[in-house]
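Peer 1: give me a 3D structure for the following:
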Amino acid sequence: MDAFTAGLLQRIRTTQSDLKHARETGDDFLADVEQAELEDLKRLAAEYGVPVSAY
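Peer 2: Sure, this is the predicted structure:
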């Protein structure tokens, strides 16, 4: 796994964790921000052929 792929997958994991925390604490604004970030990261992964189905 190259550095780009590893970094992208780590950012996806971190964003998912942050999104979960925002939802659990009822921070709707932060949840929206994290959801948008997650969608952008998954779109980037798809553009570069990085599988993220496990995440």
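
Peer 1: would you put the C-alpha positions of stretch 27-34 in CSV?
Peer 2: Extracted in CSV, the C-alpha atoms of stretch 27-34 (Å, rounded to 0.1, in the frame of the first residue of the first chain):
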residue,chain,number,x,y,z
ASP,A,27,-23.7,18.3,17.4
ASP,A,28,-25.7,18.6,14.2
PHE,A,29,-23.5,21.2,12.5
LEU,A,30,-20.3,19.2,13.1
ALA,A,31,-22.1,16.1,11.9
ASP,A,32,-23.0,17.8,8.7
VAL,A,33,-19.4,19.0,8.2
GLU,A,34,-18.0,15.5,8.9
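
Peer 1: list the buried ones in that stretch?
Peer 2: If you call a residue buried by 16 or more other Cβ atoms under 10 Å, then stretch 27-34 has these buried ones: 31, 34. Where C-beta positions appear, they are placed from N, C-alpha and C, glycine not excepted.

Peer 1: also stretch 45-55?
Peer 2: Buried residues in stretch 45-55, counted by 16+ other Cβ under 10 Å: 45, 50.

Peer 1: equivalent analysis for stretch 12-32, please.
Peer 2: 12, 15-16, 18-19, 22, 31.

Peer 1: check the offset of it from the chain's centre.
Peer 2: The chain centroid and the centroid of stretch 12-32 are separated by 10 Å, computed with Cα atoms, centre = their mean, to the nearest Å.

Peer 1: pull the residues that contact it.
Peer 2: For stretch 12-32, the external contacting residues (Cβ atoms under 8 Å, 6 or more residues apart in numbering) are 33-35, 37-38, 41-42, 45, 52, 55.
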